[in-house]
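> Pasting the sequence and the predicted model now:
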Amino acid sequence: MTTTTLAVLVPLLPFLGAAAGLLLGRTAPGFVRPLAVLPPLASLVLAALVAVRQGGEAAIDAHTELTPTGSVPVELALHIDGFAALVAILVAFVAACVQIYSTGYLRDDPRYPSYAALVSLFTSAMLLVVYSGDLIVLLVGWEVMGICSYFLVGHYWETPQARAASLKAFLVTKLGDVPFLIGLFALATDAGSFRITRVLGAVASGSLHHPTLVALLLLAGVAGKSAQFPLHTWLPDAMAGPTPVSALIHAATMVAAGVYFIARLLPVFEASQAAMIVLAVMAAVTMTGSGLAALAQDDIKRVLAYSTIGQLGYMTGALAVGDRGAAVFHLLSHGAFKALLFLAAGVIIHAAGTNSLAAMSRMRGLRDRIPDAYWTMTVALLALAAIPPFSGFFSKESVLGAAEHVATGGTGHAPGAAGWIVLVAGLLTALLTAAYATRLWLLAFRGRGAEAPDHGRQPLTMTVVLWVLAVPSLAFGGLAYRSLPGWFDGRDLTPTLLTSVLGTGLALVGGLLTYGAWQRTTQLTGRVPLGAVAAHPEEDAGLVEAEAIASHEPAYGDIAYAPDPADPARLLLGPLRRHAAAGFRLDAVYAALFVRPVQAGASLVRFLDREVVETYVGGAAALPRLLGAAVRRAQTGNVQTYVSALLAGTVVLAVAVVLVATGA
């Protein structure tokens, strides 16, 4: 079988699995789980074979014209280079893990068949984006992922939180997709083709006439899809969906698509120094803002959501300094440990007996009850905090090293200012990341909340997946940083001494400060049971309200909730904590700037339609109605009335004739 055929089957198999799952979900429910698990496993094997055959050498290209479209053809094309082959393995690997995990996590869910089919379709769409060699075909996968995310985030549609989150995710990403689509057409118009290879050839020959405009239009779509500032606000709310969906979206699909797109078309962005500066600023604001927000969250999934936003900021920061190898290296590393973090959080939620809410202030005694989640999540948090020798250390240091290289004038692909922006923000984020990772570990596994009821041992499928993902979280970075350059652009990914010392040192400082703050608050407050009056009731009430506004949730409903007085974020953030917990109130800002004016405009249009247009239409109909009424009254059916009217008319005519004759 040719490599091209194998590559076509990689996205095709999950698509067929999704179609079969939807058709057989009701008539043959016994086939649902095999149809959910086997296609992504088969795609994983085939993607690995494609990667072996590609071998990091010249890209595999194949194309056929899809349909005549005029001057700019649309082609069904494949373009598989080294990093496309590796990203496809990541997508299939995480999707297979999520599907296996979901058989246990959602074993009693009545909507599991549709859920499994949508996950398979989601996987197929992302694989199409990865392998596509044509921008229009890529756009198809890009938009299918948006539809799938809408349905999967809203899986628990009975809850208002899930409905609001799914709608918000759809609308915010579509807001970015509109300029993204315009940018794609402008790019294809300049290049004369939607084929990625021809687009890159046009950039190399200087045929791109408006590089800054095109790059900024494309960045809008990337910001929406990859949850980068200012279009990142949908991702924390998307935690209302099932936890395995969060793992899939955050680790290998949807949010990874924007980073992958820039990596594939990086020369387009490098053609504009202004676009690279904008990308660097976007990455810096995203990294630091999400780090502060993560440090203030109470729901464990929202902490991980803001963590994803920050790690994606690292990837876009690497792209802003022109190093797609470092960006994709961190994408691969992050995919493993972030999937592990979310699926371990799912075990915690499962142990608590809820679907989505996992307030860390309510956790107690989880270390002994779910030891598998405890140990594997510890591994993943160490990788997230970039502590050597875990995988996150090597990939994050490759980003910082690339930024330091550009900042000191080592490359002409990106302006030096972009290097300094990414380097400073990346180092600050390293401290914040270690701080919120340490806080999550302390509150989740050494917290002092009310112990949740024990819901029994977790299904074996969930536990096995955690240990499978723990292996790359621990070992991938150390094994890959030497071999990956041959699969990318040949740039060295070895950690540099300066950034390694600074990054690791700041991470250790962040972790130690958090632990010290936790110890101090523990000593000051003593043991405070859940529901007791907290040390700062007014501040805590405001914080709960802010978190509720940010998540569109009531303040944990009828749950006896009191923020943990031993929360180290109290000392670390101080008065900033309340604003950070609400995501710095960006949703409120957007509501004031955009939502309310649009609603006011809609109200004005409704008023004009009702009071002006309808009045005009009603008035235009009034005259014919009056004339009709007059004519209707004349048609009485009485012969005497008709004769009288005839005589009266005759008299009137006679008088008129006499008057005219007299006047003449």
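Alright, I've got the coordinates.
> which SS class is the residue nearest to residue 154 when sequence neighbours are not counted?
In space, and not counting its chain neighbours, residue 154 is closest to residue 166: 3.1 Å by CB to CB, 6 or more residues apart in numbering. (Each C-beta comes from the backbone N, C-alpha and C, glycine too.) The assignment at residue 166 comes out as helix when based on DSSP: H, G, I helix; E, B strand; the rest coil.
> What pLDDT does the model give residue 166?
With respect to pLDDT, residue 166 has a value of 94.
> Contact partners for it?
Counting by CB atoms under 8 Å, 6 or more residues apart in numbering, residue 166 touches 149-151, 153-154, 157, 238, 240-241.
> Please work out which residues outside the helix or strand that residue 236 is a member of touch it.
Following DSSP states H and E, one finds residue 236 within helix 234-237. Around helix 234-237, the neighbours that count as contacts under CB under 8 Å, 6+ apart are 161, 164-165, 168-169, 172-173, 227, 250, 255, 293, 297, 302, 305-306, 308-309, 550-552, 583.
> Surely residue 86 and residue 487 touch.
Yes. Under the criterion of CB atoms under 8 Å, residue 86 makes contact with residue 487 at 6.1 Å.
> that older thread, out of the contacts of residue 166, name the ones that lie in helices.
Secondary structure from DSSP state H places 149-151, 153 of the contacts of residue 166 in helices.
> Just send these back as CSV, with neighbour count and distance to residue 111 too.
Below are those laid out as CSV (neighbours: other CB atoms under 10 Å; distance: CB to CB, whole Å):
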residue, neighbour count, distance to residue 111
149, 27, 16
150, 19, 15
151, 19, 10
153, 29, 14
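> Including pLDDT, could these go into a markdown table?
Converted to a markdown table, the ones in helices among the contacts of residue 166 look like this (pLDDT from 0 to 100):
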| residue | pLDDT |
| --- | --- |
| 149 | 94 |
| 150 | 95 |
| 151 | 95 |
| 153 | 94 |
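> Report how many residues lie close to residue 124.
Residue 124 has 29 neighbours, counted by other CB atoms under 10 Å.
> typed the wrong thing, it's residue 447
If you count neighbours by other CB under 10 Å, residue 447 ends up with 22.
> Name the surrounding residues that touch stretch 478-485.
86, 325, 329, 332-333, 389, 391, 394-395, 398, 491-495.
> again, 6 Å this time
329, 389, 394, 491, 493 (CB atoms under 6 Å, 6 or more residues apart in numbering).
> Can you pick out the most distant pair from the residues you listed?
Farthest apart among these by CB to CB are 389 and 491. That separation is 21.6 Å.
> With neighbour numbers in mind, choose between those two.
It is residue 491, of residue 389 and residue 491, that has more neighbours when counted by other CB under 10 Å, with 18 against 12.
> and the more buried one, what is it in contact with?
Taking CB under 6 Å, 6+ apart, we find residue 491 in contact with 325, 485.
> now with 8 Å?
By CB under 8 Å, 6+ apart, residue 491 lies in contact with 323, 325-326, 402, 485.
> circling back: give me the contacts around whatever helix or strand comes next after the helix holding residue 236.
Later in the chain than helix 234-237, the nearest helix or strand by DSSP H and E is helix 243-251. Identification of contacts with helix 243-251 by CB under 8 Å, 6+ apart yields 90, 94-95, 97-98, 101-102, 105-106, 119, 122-123, 149, 152-153, 155, 235, 238-239, 254-255, 301, 304-305, 308, 334-336, 338-339, 342-343, 345-346, 349, 356.
> Stretch 373-385 too?
Under the contact criterion CB under 8 Å, 6+ apart, stretch 373-385 has outside partners 307, 311, 333, 336-338, 340-341, 344-345, 347-348, 351, 366-367, 390-393, 433-434, 437-438, 440-441, 444-445, 458, 466-467, 469-470, 473-474, 477, 507, 510-511.
> Once you drop chain neighbours, what's closest to residue 54?
residue 85 is the one closest to residue 54 (CB to CB, 6+ apart), at 4.7 Å.
> what mean pLDDT does whatever helix or strand the one you found lives in have?
Under the criterion of DSSP H and E, residue 85 resides in helix 82-105. On average, the pLDDT along helix 82-105 is 95.
> Okay, angle between it and helix 243-251 too, please.
170 degrees (axes from the mean of the first three to the mean of the last three CA atoms, to 10 degrees).
> which strands and helices sit next to helix 82-105?
helix 3-24, helix 32-54, helix 112-131, helix 243-251, helix 255-264, helix 324-352, helix 460-480 (3 or more CB pairs under 8 Å, 6 or more residues apart in numbering; DSSP states H and E).
> quick one: it to chain centroid distance?
Offset of helix 82-105 from its chain centre (CA atoms, centre = their mean, to the nearest Å): 17 Å.
> May I see the buried residues of it?
82-105 (16 or more other CB atoms under 10 Å).
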